[in-house]
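Chemist: pasting the structure only:
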Ligand SMILES: C[S@@+](CC[C@H](N)C(=O)[O-])C[C@H]1O[C@@H](n2cnc3c(N)ncnc32)[C@H](O)[C@@H]1O
């Protein structure tokens, strides 16, 4: 009788095994890493424990959720040894999930130095430092053409909300970033994979073909592949 009562109390007090989406709740970093290596979706609440509270509260709107990240990484890096760039990598969630769940190497570029520090610390905690690199700087100043795949989760939209300049200048900065991103995408090598989640605010270059799209949370994951340029040299020159 006593034993039965104890069991029911412990069940009542036990931590939930799954979050409201049914994703596994995991207690420690090692178990979290090993679940993601096996491509098991873990709860965002759990993954985000790697980050300080100040970053955790941004998760819902700013960082790719774990289930979407696992699928995006699969679409970005179908072959081992690929080199993937996350444009505006934030606290590194996409790259970290990629480093655990694929055999690719991951580079995140983010202009916020504090986010870069947080991402690097999480990489050490997950023991994936050899497969992921975080660069601090402006993604539009980097050469994207050396990467096999590029991930864009609406990276430049934040410029529209920053309070350091007036609304007109914000809009101008946003448009400039988009135009530069379009140039960088147009300069990628044929065969480069581009995956978008919530787009990037601009149009893909005409030489990129949409080869796949699927629903992902409230949006979709789109896969584009750069084809060889259809333009002949004399057309380009004119
Ligand atoms: C929507 S978040 C996506 C974060 C990350 N890619 C993910 O999926 O979890 C966009 C990030 O891009 C960063 N960002 C915006 N413009 C940038 C730029 N020009 N260069 C580098 N990072 C930029 C922002 O600071 C923000 O952290």
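Modeler: Yes, it's here. Keep in mind that what you see is a predicted model, and the values were worked out from it rather than measured.
Chemist: Neighbours of residue 98, how many?
Modeler: 31 (other C-beta atoms under 10 Å). All C-beta atoms are positioned from the backbone trio N, CA, C, and that covers glycine.
Chemist: In contact with it: list those residues for me.
Modeler: 69, 73, 76, 77, 84, 104, 106, 132 (C-beta atoms under 8 Å, 6 or more residues apart in numbering).
Chemist: which residue is nearest the middle of this structure?
Modeler: Using C-alpha atoms, centre = their mean, the residue of the chain that lies closest to the mean C-alpha position is residue 94, 3.2 Å off.
Chemist: Give the other helices and strands that the longest helix along the chain contacts.
Modeler: When the chain is scanned for its longest helix (criterion: DSSP state H), the result is helix 167-186. Judged by 3 or more C-beta pairs under 8 Å, 6 or more residues apart in numbering; DSSP states H and E, helix 167-186 is in contact with no other helix or strand.
Chemist: That helix vs the ligand: in contact?
Modeler: Yes: figure legend: helix 167-186 in contact with the ligand (C-beta under 6 Å from any ligand atom); contacting residues residue 177.
Chemist: Residue 150 reaches residue 88, doesn't it?
Modeler: No: when contacts are counted by C-beta atoms under 8 Å, residue 150 is not listed as touching residue 88 (11.2 Å).
Chemist: residue contacts, whichever residue of the chain sits closest to the ligand?
Modeler: Per C-beta to the nearest ligand atom, residue 88 is where the chain lies closest to the ligand, at 2.2 Å. Shown in contact with residue 88 (C-beta under 8 Å, 6+ apart): 109, 110, 111, 139, 152, 153, 155, 156.
Chemist: you'd agree the second one is up against residue 118?
Modeler: No: here residue 110 does not reach residue 118: they are 9.8 Å apart, not a contact under C-beta under 8 Å.
Chemist: Compare those two and say which is more crowded by neighbours.
Modeler: Here residue 110 and residue 118 are compared on neighbour count by other C-beta under 10 Å; more neighbours surround residue 110, at 25 against 21.
Chemist: Next, the contact list for the residue nearest to that one when sequence neighbours are not counted, please.
Modeler: For residue 110, the nearest residue in space outside its immediate sequence neighbours is residue 89; the separation is 4.6 Å by C-beta to C-beta, 6 or more residues apart in numbering. With C-beta under 8 Å, 6+ apart as the criterion, the residues that contact residue 89 are 95, 108, 109, 110, 115, 119, 134.
Chemist: Out of those, give me the two with the largest separation.
Modeler: Farthest pair in these (C-beta to C-beta) is 95 and 115. Separation: 11.7 Å.
Chemist: Looking at the two, which one has more neighbours?
Modeler: Per other C-beta under 10 Å, whichever of residue 95 and residue 115 has more neighbours is residue 95, with 33 against 23.
Chemist: Would the helix or strand where the more buried one lies count as contacting the ligand?
Modeler: In the assignment (DSSP states H and E), residue 95 maps to helix 93-101. Yes: using C-beta under 6 Å from any ligand atom, we find that helix 93-101 touches the ligand at 93, 94.
Chemist: elements contacting the very next helix or strand once past that helix?
Modeler: Beyond helix 93-101 on the C-terminal side, the first helix or strand identified by DSSP H and E is strand 105-110. Contact here means 3+ C-beta pairs under 8 Å, 6+ apart; on that basis strand 105-110 packs against strand 83-87, helix 93-101, helix 113-126, strand 132-136.
Chemist: go with 10 Å
Modeler: In this structure, strand 105-110 packs against strand 83-87, helix 93-101, helix 113-126, strand 132-136, strand 149-152, with contacts taken as 3 or more C-beta pairs under 10 Å, 6 or more residues apart in numbering; DSSP states H and E.
Chemist: That one and the ligand in contact?
Modeler: Yes: residues of strand 105-110 contacting the ligand under C-beta under 6 Å from any ligand atom: 109, 110.
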